[in-house]
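Student: got a structure for you, letters missing:
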């Protein structure tokens with residue numbers, strides 16, 4: 001309906017063999033690898049299983065924040081162009097990743113296929129993460145905080161135009177990026193779509209200090225090195241419904257060094273509660289109030305990464321655990337328990 005056969009998009013689609021995957025049971029997830037919490041994701045590839053490009057991606061704000069009919073039309077046209085280059089021997093063949101299947105993961109196999117249930121994409125993401133976490137092999141920073149939001153470094157996209165920038169500020173603007181620039185490469189690798197860019201960006205070491213992108217401005221290529229701010233990877237995880245994420249049912253902001261000094265607080269994770277989720281009272285999770293300042297969790301106040309209490313809990317504690325908070329409320333300092341929750345989403 002959205003792509004009539006005689007429309008430009010319809011004519012592009014007619015040149016493809018279209019396949020919709022409805023069950024992941026026998027799919028090679030080593031080849032079709034991506035952030036499984038994207039509800040819509042396309043691979044454009046050939047019969048040799050050479051992936052030309054990806055289309056999809058999102059940010060925490062909405063499932064379709066980076067999707068549009070105009071941008072998928074650009075992707076379809078680029079896919080055909082790359083296929084012509086491949087057939088002409090002008091596009092190098094890439095080595096294929098080792099095959100991996102859902103049945104290779106014991107927890108995923110036990111919870112889905114052995115019970116006759118469908119292996120859905122988000123279940124692959126969650127159960128493989130849970131299995132790694134149980135084995136002590138899961139990196140929560142890169143594993144939970146997938147697909148970092150480009151807004152954290154000041155990049156806003158003109159979505160219908162693909163990788164054309166609508167606006168820049170912060171680190172991106174300081175590096176020289178500007179509205180109208182077209183991102184063409186990430187760390188030297190060509191990118192054609194937001195899906196391509198986000199996929200590569202997600203693989204960036206979370207302790208990296210900079211990334212390099214190439215932009216085209218008025219037809220001239222320019223390499224831009226962007227200094228990554230602290231916690232550039234941090235984002236809201238609510239939409240993901242991770243089983244491995246300890247739900248805390250409050251939000252806080254980190255205290256500045258000046259605020260810490262003024263309050264006589266010496267804590268890396270000192271943070272002021274700015275919002276309490278009503279679910280907290282319903283579940284008996286905690287008795288925090290807006291304005292409370294949390295200075296320690298289970299007596300710990302230092303951390304090499306976390307700059308606020310809830311991030312410390314998410315990175316260092318198991319979902320479902322009860323922790324003891326050190327809290328300042330007005331002139332009082334007291335200890336109070338917080339019971340985290342483990343989510344179970346469509347399982």
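Tutor: Cool, got the structure. Just so you know, these numbers come straight off a predicted model, no measurement behind them.

Student: for this protein, what spans make up the helices?
Tutor: For the chain, the helices defined by DSSP state H cover 8-13, 69-87, 106-111, 121-134, 140-144, 170-175, 194-202, 257-263, 279-283, 309-316.

Student: for the fourth one, give the mean pLDDT please.
Tutor: Taken as a whole, helix 121-134 has a mean pLDDT of 93.

Student: just the third one next, same as before
Tutor: Model confidence over helix 106-111, given as mean pLDDT, is 92.

Student: what sits against residue 75?
Tutor: By C-beta atoms under 8 Å, 6 or more residues apart in numbering, residue 75 lies in contact with 42, 44, 53, 55, 162, 192, 193, 195. All C-beta spots, glycine's among them, are computed from the backbone N, C-alpha and C.

Student: repeat that with 6 Å
Tutor: The contact partners of residue 75, taken as C-beta atoms under 6 Å, 6 or more residues apart in numbering, are 55, 193.

Student: one more: residue 39?
Tutor: When contacts are counted by C-beta under 6 Å, 6+ apart, residue 39 touches residue 63.

Student: so what pLDDT did it get?
Tutor: The model reports residue 39 with a pLDDT of 87.

Student: also the one 4 residues further on?
Tutor: What the model reports for residue 43 is a pLDDT of 98.

Student: how about stretch 329-343: buried residues?
Tutor: Buried residues in stretch 329-343, counted by 16 or more other C-beta atoms under 10 Å: 338, 339, 340, 341, 343.

Student: from the opening residue of that stretch to its closing one, how far?
Tutor: Taking C-alpha to C-alpha, to the nearest Å as the measure, stretch 329-343 stretches 30 Å from start to finish.

Student: what are the contacting residues of that stretch?
Tutor: Stretch 329-343 has contacts (C-beta under 6 Å, 6+ apart) with 241, 243, 246-248, 285-287, 292, 319-327.

Student: still on that earlier bit, in strands only, show me the buried residues of stretch 329-343.
Tutor: Counting by DSSP state E, those place 338, 339 in strands.

Student: in TSV: the buried residues of stretch 329-343, plus distance to residue 185.
Tutor: Output for the buried residues of stretch 329-343, formatted as TSV (distance: C-beta to C-beta, whole Å):
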residue	distance to residue 185
338	45
339	47
340	41
341	42
343	38
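
Student: out of the buried residues of stretch 329-343, which comes closest to residue 231?
Tutor: Using C-beta to C-beta, residue 340 comes nearest to residue 231 of the buried residues of stretch 329-343, at 20.7 Å.

Student: skipping adjacent residues, who's closest to that closest one in space?
Tutor: residue 246 (3.7 Å; C-beta to C-beta, 6 or more residues apart in numbering).

Student: OK, contacts around the one you found?
Tutor: Here residue 246 is in contact with 313, 314, 317, 319, 340 (criterion: C-beta under 6 Å, 6+ apart).

Student: returning to that earlier point: derive a ChimeraX selection command for the buried subset of the contacts of stretch 329-343.
Tutor: Here is the ChimeraX command that selects the buried residues among the contacts of stretch 329-343 (16+ other C-beta under 10 Å):
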select :241,243,246,247,248,285,286,292,319,323,325,326,327
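
Student: from the buried residues of stretch 329-343, which is closest to residue 68?
Tutor: residue 343 (30.6 Å).
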